[in-house]
Structure formats: C-alpha cells, structure tokens
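**Q** Below are the sequence and a predicted model for it; my questions follow.
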Amino acid sequence: MQSTQTPIEEPRLPLFKEPNILGYLGGQLISLSGSTLQISVISLMIVAIVGKELAPAIIGDVIAAGYLPGVFLAIFAGIWLDTVNMLKVLKATSVLGAIQGFTLAYLAMGDVHSISILQLKGLSIFLGFVNAIDAVARNGVQSHILVDRRNTQKAATLFTSLYIFAQVIGGGMAAFLISHIGYASTYAINGISYLVLILTLGRIKYIRRKASGPWPKTPNWKESIREGAKHTFCEPGIRICIILTALLCIFGFSYNALLPIIAKGPMFNGGNELYSQFAAWAGIGSLLACGITLIFGKKLRMLVVSGNLILGTNLVLLAKTSDAHAAKIIMFFIGLGCMLSLITTRTAITHIAAETAKHCAARVQGFTITIFFGGMMIGSYAAGHIAKAYGCPVVLMFCGIAVIAIALVTPIMPGADEIK
C-alpha cells in the first residue's frame, strides 16, 4: 500500500518584506508624480497660450497625440518584452522620458507664448512612443521582481495605485509650482524624477521566469501575436476586463482632458489654483479607492460595478452644479469611482494573466495597454471637440449616463463571474 504525502506549502513571504518592493514602489511613485505634474502643466499652459475658447479641442488633440503611438506599438512591445530583461528596458525608457522633460523645460525658459502647439504635439507623440514600451514593461516586470508569486494580486493593486498617489502629488502641486518657480523649472522636476527612477531601478534584482525551453532571441511575430490575442480575448475574465477598461477610458476618463476648462472656463470661472484643488480632491478620492480595494480585494466584481455607479452619478452632478465648493466634493467621488473601476479591472487582468499566461504575460499586457491607449485617445479627442462645440456640461452629462448604463449591464455580461 502506497502512502500519499500532502506537499508542504512554503511559508508566505509578506508583501512588504519582498526585497524589491519598496525600491520599486518609491521610484515609480516619484516618476509618475513627475509625469502627472507635466500633463497638468501642459494643459494649463495650453489654456494660457490659446485661451479658454480654443483650449478644449487643442488639449484633446495634444493628449490624443500622446496615446496614438501606443495604439500601434504596444502589442509589438509586449511580444518583444517577453524575450528581454524588462528592467533594462525601463532604464532606457526613463532616459528618454528625462530627455523629453528637459526639452520642455528648455522651450519654456522664455515666453510660453512662443511655444507652438505643433511642438507640444511632437513632444507628446515622442513621449507616446516611449510610453508604449514603458507602460507594458511597468506592468510586465511585476512578476519578475516578486520572490513569492502569491503576492501577485496585492502587488498588482499597489502598482496600479501608484498612479493615484501620483495624481494627488502631481495634479495638486501644478498650480503652486507654476506660480512660484515657473513653467520651465516645473518641467525640469519631471526630468529629474526620471533620473531618480533610474537610480532606484539599478538597485532592483530581476528574477527571470521562463516557460519550458529556451527563450527565443528573435520572436516569431505572427505566432506571438496569435498567442497573445488568444490569451487576451479567449480568456473570459481578461476579455470582460478589457471591454470595461475600454469603455471606462472613453466615457469615464474623458473628464480629465476637460478639467482645466471645467475649472477655468464658464462653469466655475476659476484659476490655476481651482484646477489644482479639483485634481487634489479627485486624488484623495482615489486614495480611498486604493484602501477599499486592498480591504475588499476578494470582491472585485462588486467594486467595479460600484465604482462605475459612483463615477457616472457624480459626472452627472458635476454637469449640473455651478458651486465650486460642491464641485470639490463631487470631484472626490469622481476620483473614488474612477479608480475603483480602474484598479479592480487592472488587478484582475494582471492576476489572471499571471495564473493562465505566465510565459506571455507581457503580450497580454501589450494588448491591454493598446486597448487602454486607444480608449484614452478616442475619449480625449472626442471630449475636447464636443466640449468646444457644445460645452463641457453636455460632455459630462452624456458620459455620466453612459457610465451608469455600463455599471447596470456589467453583472449580466458574459464572463462577469470571472472577475473575483
């Protein structure tokens, strides 16, 4: 009679005792704070250059231009990144990001009215090429810096939440820095943040996890795209999360492109300070979303539905209010709802990919980032041009109703049960 032995599970390594986690989180937080700061400053600078009437469409164009390269490049970046050391790639993209930041600082040293919109679009497209690779690498590298793979879901939530902390710091500090040190020095801070990231990445140990067999030096692009698409669109949990992400980017995030006009235009007639206050209140709501997701991480489907309901309702309320104080509270709930939806879908995708597609996780992330960039590009472009023609309240009202409808149909969508 043969005896069976139950394998002994190794003790779990607490997430914050992972040797790489604190360095990675710290470096990414500083870098993302610089990036969100730059985005906020560019939007405010466009308003200063062209005025409030033309600004909505131009801000939408510049933001959309930054996402355009990722729509075409992210899938191929994911295929390539599955065969290389993603940590080294992140160092290279950080160098290019620093160059872009310092270039903006140089252009802004004189009169900002001498900067052309074409120059801003060109630099935005350049950074879009960098981000197409960088965004996939930032997500794909997660499974290669964790010693204990069981920490993947919590780590994914924390990594996604970095953007939230960055939104609080970057968006909230934009007006203060512009008024105290000027546009050029503010852009330089973004360049310096990338240099800090490079230093922190140098202290992180990369853990190469392979599928069976050697990694090909030259990937089979056709087969790699087919396999990545199979894992992305045939896995029900990943597929529904990608659909929800695309819809959220088009209808939910589009308010972000209009925020400078919402604050400084006819709705509230405020200044840069009001814009920063709106961004900060949204960021504080986003921080709460991070905490809720960490506590209720086992109820992702409930969180994504609740997040969309909160977001949609408050977009409608923002469209109807003219009280700046009430708008700040509404922005808090917009940040809460938006990030509840984003964090839960991104966490679910990363976790499912780590479980079902270990050998092509970066390819899955490549498809995911393509959808994300495409949705952001469409949403930003459409919101800017519609707002120019019909006003910001019309855009906010339409997007709010659309997000509420998405929340109501999510539980009955095929694959909804896979969001756990």
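**A** Great, that's in hand.
**Q** alpha carbons only for contacts and neighbour counts from here, please
**A** Fine.
**Q** Tell me where the model's unsure across the stretch 301-420 of the chain.
**A** 350-362, 415-416, 418-420 (pLDDT under 70).
**Q** how long is stretch 106-115 end to end?
**A** 11 Å (Cα to Cα, to the nearest Å).
**Q** now do stretch 227-246
**A** 21 Å.
**Q** For it, which residues meet the burial criterion?
**A** 227-229, 231-233, 235-242, 244-246 (16 or more other Cα atoms under 10 Å).
**Q** Is A402 in contact with S254, as I believe?
**A** No - A402 sits out of contact with S254 when judged by Cα atoms under 8 Å, with a separation of 12.0 Å.
**Q** So which of the two has more stuff around it?
**A** Taking neighbours as other Cα atoms under 10 Å, A402 and S254 compare with S254 leading, 25 against 18.
**Q** Please work out how many residues are found near V409.
**A** With other Cα under 10 Å as criterion, V409 counts 11.
**Q** Oh, that last question was meant for N20, not what I typed.
**A** When neighbours are counted by other Cα under 10 Å, N20 registers 20.
**Q** From L68, how far out is it?
**A** 32 Å.
**Q** For the helix ranked longest in the chain, name the packing helices and strands.
**A** Across the chain, the longest stretch assigned as helix under DSSP state H is helix 152-201. On a contact count with 3 or more Cα pairs under 8 Å, 6 or more residues apart in numbering; DSSP states H and E, helix 152-201 meets helix 21-50, helix 86-107, helix 272-295, helix 324-356.
**Q** Adding mean neighbour count and distance to V136, write the ones you listed out as JSON lines.
**A** Output for these, formatted as JSON lines (neighbours: other Cα atoms under 10 Å; distance: least, Cα to Cα, whole Å):
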{"stretch": "helix 21-50", "mean neighbour count": "21", "distance to V136": "14"}
{"stretch": "helix 86-107", "mean neighbour count": "20", "distance to V136": "9"}
{"stretch": "helix 272-295", "mean neighbour count": "22", "distance to V136": "21"}
{"stretch": "helix 324-356", "mean neighbour count": "24", "distance to V136": "11"}
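**Q** Format these as CSV; extra columns: distance to I371.
**A** Shown next, in CSV, are the helices and strands packed on helix 152-201 (distance: least, Cα to Cα, whole Å):
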stretch, distance to I371
helix 21-50, 20
helix 86-107, 21
helix 272-295, 22
helix 324-356, 12
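**Q** out of those helices, which comes closest to G265?
**A** With Cα to Cα as the measure, helix 21-50 is the member of those nearest G265 (9.7 Å).
**Q** L244 contacts R346, doesn't it?
**A** No - look at L244 against R346 with Cα under 8 Å: they stay out of range, at 10.1 Å.
**Q** what's the weakest-modelled helix or strand in the protein?
**A** Among the helices and strands of the chain, helix 221-233 carries the lowest confidence by mean pLDDT, DSSP states H and E, at a mean of 75.
**Q** Counting by contacts, list what whichever helix or strand comes after that one packs against.
**A** Where DSSP states H and E defines the elements, the next helix or strand beyond helix 221-233 is helix 236-247. Packing contacts for helix 236-247, counted by 3+ Cα pairs under 8 Å, 6+ apart, involve helix 221-233, helix 324-356, helix 361-390.
**Q** Turn those into JSON lines, columns for distance to I99.
**A** Listed next are the helices and strands packed on helix 236-247 as JSON lines, based on distance: least, Cα to Cα, whole Å:
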{"stretch": "helix 221-233", "distance to I99": "30"}
{"stretch": "helix 324-356", "distance to I99": "29"}
{"stretch": "helix 361-390", "distance to I99": "22"}
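**Q** so which of the helices and strands packed on helix 152-201 comes closest to L258?
**A** helix 21-50 (9.1 Å).
**Q** by contact count, what packs against the closest one?
**A** Contacts defined by 3+ Cα pairs under 8 Å, 6+ apart place helix 21-50 against helix 55-81, helix 152-201, helix 255-264.
**Q** so it versus helix 272-295, what angle?
**A** Helix 21-50 runs at 150 degrees relative to helix 272-295, counting by axes from the mean of the first three to the mean of the last three Cα atoms, to 10 degrees.
**Q** shift numbering so it begins at 16
**A** Will do, 16 is the new start, and the previous item becomes helix 36-65.
**Q** tell me the angle helix 36-65 makes with helix 70-96.
**A** Going by the same axes, to 10 degrees, helix 36-65 makes 150 degrees with helix 70-96.
**Q** just the angle between helix 36-65 and helix 167-216, please?
**A** Using the same axes, to 10 degrees: helix 36-65 against helix 167-216 is 80 degrees.
**Q** what about the nearest residue to N154 once chain neighbours are set aside, how many residues close to it?
**A** Leaving aside its chain neighbours, N154 sits nearest to Q380 (6.8 Å; criterion: Cα to Cα, 6 or more residues apart in numbering). Per other Cα under 10 Å, the neighbour tally for Q380 reads 28.
**Q** That's all I had, so thanks and see you.
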